[in-house]
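1. Structure for the following, please:
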Amino acid sequence: MIKTFEKAVIKSKIIPGTKHKISVNDHFIVNDNGRRILVDTGCPFDINEDSMRRDPGLRRHLEGACEPLNTHIDEFWGMQFLAQHKVLFDYQKETLTIADLSDNLTVDHPVAELSMHNVYGPARIIVTMNINGVDRNILFDSGACIANYLTKSITNTEKYLRTVTDFHPLIGFYDVDLYEHPVKIGNEMVGIPFGFQPAKVEPSVRAAGADGIIGVGLYKNYQVLVDCPNRRLVLGRY
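-> Numbering: from 1, shown residues only. Below is the predicted model:
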């Protein structure tokens, strides 16, 4: 069964009372039978009523995610759920499509197919991307809606673009400088901004076997098909 959720992208949520007024937007949040669900490929587990009964600590994780979004969330669809489906992120149409393993789901104009290297620790979507002419293992995190990240020694070697304010549950709000890096997508070169990973986040990313995280830098430029059953990430031109 293929199910498409319309208006699945949350945009222009202004967060008051911080050092900078920031727009925490571009998250994929769907309404499924009256429940608001955050779709997050960077989260290795699901959060729902059953999982919170088993582990009450997950409720704090859920509440922590609601704070920067300034909106109510009932559940997380993390990799426990997403690994059993095909998922198409379409930022331009503001849709999210979920398909079963046997369904045919694809992007409109494919430009690249990346193999997943899910061999480290908890379930993660890790692919190899050519950044600055060097192949890097990068974690695809649909929850990375403000900035993409690389380890510090790689990041600030390129052209400075701007400073933005991001949020992480372990850190709170913080500023991050963004630098433009050339990324090869199929036969195309795309300039994508990256900041350097905060010290509290770096160890978990490195432990997953990755040099950085990409989210908004992919799905704003391309349709993204997450096909975990076939261990591939397919990118399509809008």
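2. in the protein, which residue is closest to the centre?
-> Of all residues in the chain, the one closest to the mean position by CA atoms, centre = their mean is Ser142, 1.7 Å from it.
3. Find the nearest non-adjacent residue to that one, please.
-> Nearest non-adjacent residue to Ser142, counting by CB to CB, 6 or more residues apart in numbering: Thr41, 4.5 Å away. C-betas here are computed from N, CA, C, even on glycine.
4. Count residues in the vicinity of the one you found, would you?
-> 27 (other CB atoms under 10 Å).
5. residues contacting it?
-> By CB atoms under 8 Å, 6 or more residues apart in numbering, the residues touching Thr41 are Gly78, Met79, Leu82, Val87, Ile125, Phe140, Asp141, Ser142, Gly143, Val226.
6. Surely the residue nearest to the centre of the chain and Gly215 touch.
-> Yes: with contact defined as CB atoms under 8 Å, Ser142 counts as touching Gly215 (5.6 Å).
7. between the two, what contacts are shared?
-> What both Ser142 and Gly215 touch, as defined by CB under 8 Å, 6+ apart, is the set Gly42.
8. what's downstream of the helix or strand of the chain with the lowest mean pLDDT, the next helix or strand?
-> Lowest by mean pLDDT, DSSP states H and E among the helices and strands of the chain is strand 22-23, with a mean of 38. Remark: after strand 22-23, the chain's next helix or strand is strand 27-32, criterion DSSP states H and E.
9. could I get that following strand in PDB with only the CA atoms?
-> Extracted C-alpha coordinates of strand 27-32, given in PDB (Å, rounded to 0.1, in the frame of the first residue of the first chain):
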ATOM      1  CA  HIS A  27      10.700  19.400   9.300                       C
ATOM      2  CA  PHE A  28       8.500  16.600   7.900                       C
ATOM      3  CA  ILE A  29       5.500  16.200  10.200                       C
ATOM      4  CA  VAL A  30       2.500  14.200   9.100                       C
ATOM      5  CA  ASN A  31      -1.000  13.900  10.400                       C
ATOM      6  CA  ASP A  32      -2.000  10.200  10.600                       C
END
